[in-house]
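Engineer: Kindly return the folded structure for what I paste below:
(4 chains)
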4 protein chains.
Amino acid sequence: MKDFKFELRVQFFDTDKMQVVHHANYIRYFETARTEYLREVGFPYSEMEKHDFQMPVLGVNAKFKSSAFYDDVLLVSCRISKVAHASMEMEYVIINKETGQVLVTGNSKHGFTNRALRPVALKKHDPEIYEMFKALYEAGKK
Amino acid sequence: MKDFKFELRVQFFDTDKMQVVHHANYIRYFETARTEYLREVGFPYSEMEKHDFQMPVLGVNAKFKSSAFYDDVLLVSCRISKVAHASMEMEYVIINKETGQVLVTGNSKHGFTNRALRPVALKKHDPEIYEMFKALYEAGKK
Amino acid sequence: MKDFKFELRVQFFDTDKMQVVHHANYIRYFETARTEYLREVGFPYSEMEKHDFQMPVLGVNAKFKSSAFYDDVLLVSCRISKVAHASMEMEYVIINKETGQVLVTGNSKHGFTNRALRPVALKKHDPEIYEMFKALYEAGKK
Amino acid sequence: MKDFKFELRVQFFDTDKMQVVHHANYIRYFETARTEYLREVGFPYSEMEKHDFQMPVLGVNAKFKSSAFYDDVLLVSCRISKVAHASMEMEYVIINKETGQVLVTGNSKHGFTNRALRPVALKKHDPEIYEMFKALYEAGKK
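Structural biologist: Got it, this is the predicted structure:
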């Protein structure tokens, strides 16, 4: 999974009056890519629910290096960059598919909780998921 | 309540690359005005919940006559335009506060349901709310 | 092009606290499908710009029949339902891909303008596009 | 201006299926507060345009400590936390107005550019604005 990349196209409603994608929408692109990454590794949302598990966002940051424009095709890559007892982190890079230019980099931090959003120590709550995340983290190391 | 008007300011993230408010956002402005209208008449969301009542949107339509721009101040007026057994309708007019120009007109249709989103005949489910809506409808007639 | 269908997946950020897609987002789904339809028929946005042509939204309406949920895959079909001198209309049907259930129907009306958003009589401004729209309209008739 | 606080109400469309404000929307709340802050200090967007000046967002980060719910009233405070030659930073704290609880903290980094989005050294480009930002920074120090 070192090379997971999600492809998406910039929508008209994603742009703002500067004629580029509004910066808050990249945070949404991160989420879309994260969802597809987890589906790809066999852990889609439906599976999370069966495991009584959620991953609320505890923090996010992004650096906007260059702009995406309407109808551009973007590639959003993501990987797990840290796994701790009660949280993990993911990293993102968004590039323009055609030019290869890096537009945005960022990361997000996620708590491990049960469905009622109460924090859990994942290793105890669900060792299987914990090991999967650990293995993905190792596989994604640069 | 014939003259309820909600004032809002166009945000940067509401605009699109045509440099005007993206049309889908006016549907959101309708919702904001509707919420404030119901608060104004003494029936805010918290009150709805106590009455085991919801009003999901069954339909919406809008005509876009002129554009709103970033930082414009808009007035969104709304009124109840129809009350039936299991649904009601509301009408909206959005004007530019400074110029008075009409930018958007529209309406929305709402079902009456309990909190589980099952349709109810409002007159039986909650005569008090039904009569309030009827009275507001009468008061809002042109 | 009678059977154009665009597939999209419901994103987490598309849902609201009723746990379903927020109604204003279906208006965005219409736009995404419209964009892809025009690309499919050989008239993507880049081509529109070359023709000094735009199609601002003059009106939209939608009926919400059933709900879409997070991670659902939807099919949005669209077709040109009317072509006039200075405007045209499109129709949309959104179904749940898995169940085939119709969730939303709607239409939008679009003006024909040049890039400066001044209305044009399309037949004169660009007979080629006008004939294409007419042919698509005929092909899409039920 | 040490104590600038912008009040806003959580909209229905701001929530997601976890029944709380979607995290990307707090980035929008930052923007709204920033806009109002700049208006308050006498430098609204219309004034920026006269100065051939823009402040594109170069980066943003946020920590989500607790949730905001539909119809909650929030206070978003912001202040200038750094002024450099070609960029500045702002800090934000979002609290629940009723409870005083801190929900979100964050900051944003902004480049100084002309209207064509070319970077400028603000001290040279517009000493007046530069000094205003410096003075606001000093006034906002904790």
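
Engineer: Could you use CA atoms for every contact and neighbour count after this?
Structural biologist: Fine.

Engineer: phi, psi of the nearest residue to residue A:26 once chain neighbours are set aside?
Structural biologist: Among residues not flanking residue A:26 along the chain, residue A:104 sits closest, at 7.8 Å (C-alpha to C-alpha, 6 or more residues apart in numbering or on different chains). Dihedral angles of residue A:104 (phi, psi; degrees, to the nearest 10) stand at phi -140, psi 140.

Engineer: Could you measure from residue A:104 over to chain C?
Structural biologist: Look at residue A:104 and chain C: by C-alpha to the nearest C-alpha, to the nearest Å, they are 20 Å apart.

Engineer: and that residue, bridged to which residues?
Structural biologist: As for beta bridges, residue A:104 partners with residue A:64, residue A:94 under DSSP bridges.

Engineer: can you confirm residue A:24 is in a helix?
Structural biologist: Yes: per DSSP: H, G, I helix; E, B strand; the rest coil, residue A:24 lies within a helix segment.

Engineer: ranges for the strands of chain A?
Structural biologist: A:5-9, A:57-64, A:73-83, A:87-96, A:102-111 (DSSP state E).

Engineer: Adding mean pLDDT and mean neighbour count, write the ones you listed out as CSV.
Structural biologist: What follows is the strands of chain A, written out as CSV (pLDDT from 0 to 100; neighbours: other C-alpha atoms under 10 Å in any protein chain shown):
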stretch, mean pLDDT, mean neighbour count
strand A:5-9, 97, 18
strand A:57-64, 98, 21
strand A:73-83, 97, 23
strand A:87-96, 98, 21
strand A:102-111, 98, 21
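
Engineer: With distance to residue B:56 as new columns, can the ones you listed be given to me in JSON lines?
Structural biologist: Below are these laid out as JSON lines (distance: least, C-alpha to C-alpha, whole Å):
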{"stretch": "strand A:5-9", "distance to residue B:56": "31"}
{"stretch": "strand A:57-64", "distance to residue B:56": "28"}
{"stretch": "strand A:73-83", "distance to residue B:56": "35"}
{"stretch": "strand A:87-96", "distance to residue B:56": "36"}
{"stretch": "strand A:102-111", "distance to residue B:56": "32"}
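
Engineer: Quick one: residues contacting the spatially most central residue of chain A.
Structural biologist: The C-alpha lying nearest the average C-alpha coordinate of chain A belongs to residue A:34 (C-alpha atoms, centre = their mean; 3.0 Å). Neighbour list for residue A:34: residue A:78 [criterion: C-alpha atoms under 8 Å, 6 or more residues apart in numbering or on different chains].

Engineer: roughly how far apart are it and residue A:138?
Structural biologist: Distance of residue A:34 to residue A:138, computed by C-alpha to C-alpha, to the nearest Å: 17 Å.

Engineer: and what of residue A:30?
Structural biologist: Residue A:30 is 21 Å from residue A:138, by C-alpha to C-alpha.

Engineer: before we move on, what about residue A:112?
Structural biologist: Residue A:112 is 19 Å from residue A:138, by C-alpha to C-alpha.

Engineer: With residue A:62 instead?
Structural biologist: 23 Å.

Engineer: circling back: more neighbours, residue A:30 and residue A:138?
Structural biologist: residue A:30 (25 against 17; other C-alpha atoms under 10 Å in any protein chain shown).

Engineer: if I pick the closest residue to the more buried one other than its chain neighbours, what's in contact with it?
Structural biologist: Closest residue to residue A:30 apart from its sequence neighbours, by C-alpha to C-alpha, 6+ apart: residue A:92 at 6.7 Å. Residues near residue A:92 by C-alpha under 8 Å, 6+ apart: A:30, A:76-79, A:104-107.

Engineer: hmm, try it at 10 Å
Structural biologist: Residue A:92 sits next to A:5, A:27, A:29-31, A:33-34, A:61-62, A:76-81, A:104-108 when contact means C-alpha atoms under 10 Å, 6 or more residues apart in numbering or on different chains.

Engineer: quick one on the thing from earlier: and the residue nearest to residue A:26, what is it in contact with?
Structural biologist: Counting by C-alpha under 10 Å, 6+ apart, residue A:104 touches A:23, A:26-27, A:62-68, A:76, A:92-96, D:58-59.

Engineer: Also residue A:63?
Structural biologist: Residue A:63 touches A:23, A:26, A:93, A:103-107, D:57-61, D:108-109, counting by C-alpha under 10 Å, 6+ apart.

Engineer: and what of residue A:47?
Structural biologist: Residue A:47 neighbours (C-alpha under 10 Å, 6+ apart): A:38-39, A:53.

Engineer: about what we covered before: gap between the residue nearest to the centre of chain A and residue A:18?
Structural biologist: Residue A:34 is 27 Å from residue A:18, by C-alpha to C-alpha.

Engineer: do the same with residue A:126
Structural biologist: Taken as C-alpha to C-alpha, the span from residue A:126 to residue A:18 is 46 Å.

Engineer: same question, residue A:69
Structural biologist: 10 Å.

Engineer: contacting residues around residue A:112?
Structural biologist: Residue A:112 sits in contact with A:53-58, A:84-88, A:118-122, A:125, A:130, where contact means C-alpha under 10 Å, 6+ apart.

Engineer: restrict those to those near chain D?
Structural biologist: Within the set of these, contact with chain D (C-alpha under 10 Å from any C-alpha of the partner chain) is found for A:56-58.

Engineer: Can I get those in CSV including distance to chain B?
Structural biologist: As requested, the ones next to chain D among the contacts of residue A:112 are exported to CSV (distance: C-alpha to the nearest C-alpha, whole Å):
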residue, distance to chain B
A:56, 24
A:57, 22
A:58, 23
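
Engineer: picking that back up, looking at the strands of chain A, spot the one closest to residue D:45.
Structural biologist: strand A:57-64 (21.4 Å; C-alpha to C-alpha).

Engineer: Compute the inter-axis angle for that closest one and strand D:102-111.
Structural biologist: 10 degrees (axes from the mean of the first three to the mean of the last three C-alpha atoms, to 10 degrees).

Engineer: CA atoms only: put strand A:57-64 into CSV for me.
Structural biologist: Extracted as CSV, the C-alpha positions of strand A:57-64 are listed here (Å, rounded to 0.1, in the frame of the first residue of the first chain):
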residue,chain,number,x,y,z
VAL,A,57,-10.6,13.6,13.5
LEU,A,58,-8.6,15.2,16.4
GLY,A,59,-6.6,17.5,14.2
VAL,A,60,-5.6,18.4,10.7
ASN,A,61,-3.1,20.5,9.0
ALA,A,62,-2.3,21.4,5.4
LYS,A,63,0.2,23.4,3.4
PHE,A,64,-1.1,24.9,0.2
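
Engineer: picking up where we left off before, columns neighbour count on top of the contacts of residue A:47, output as CSV?
Structural biologist: Formatted as CSV, the contacts of residue A:47 follow (neighbours: other C-alpha atoms under 10 Å in any protein chain shown):
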residue, neighbour count
A:38, 16
A:39, 14
A:53, 23
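
Engineer: Could you list which of the residues you listed belong to helices?
Structural biologist: A:38-39 (DSSP state H).

Engineer: if you skip the residues just before and after it, what's nearest to the residue of chain A positioned farthest from its centre?
Structural biologist: The outermost residue of chain A relative to its centre, with distances by C-alpha atoms, centre = their mean, is residue A:17 at 26.7 Å. If the residues on either side of it in the chain are set aside, residue A:17 comes closest to residue B:19, at 4.3 Å by C-alpha to C-alpha, 6+ apart.

Engineer: what does residue A:57 give?
Structural biologist: residue A:110 (4.6 Å).

Engineer: distance of the one you found from chain D?
Structural biologist: 10 Å.
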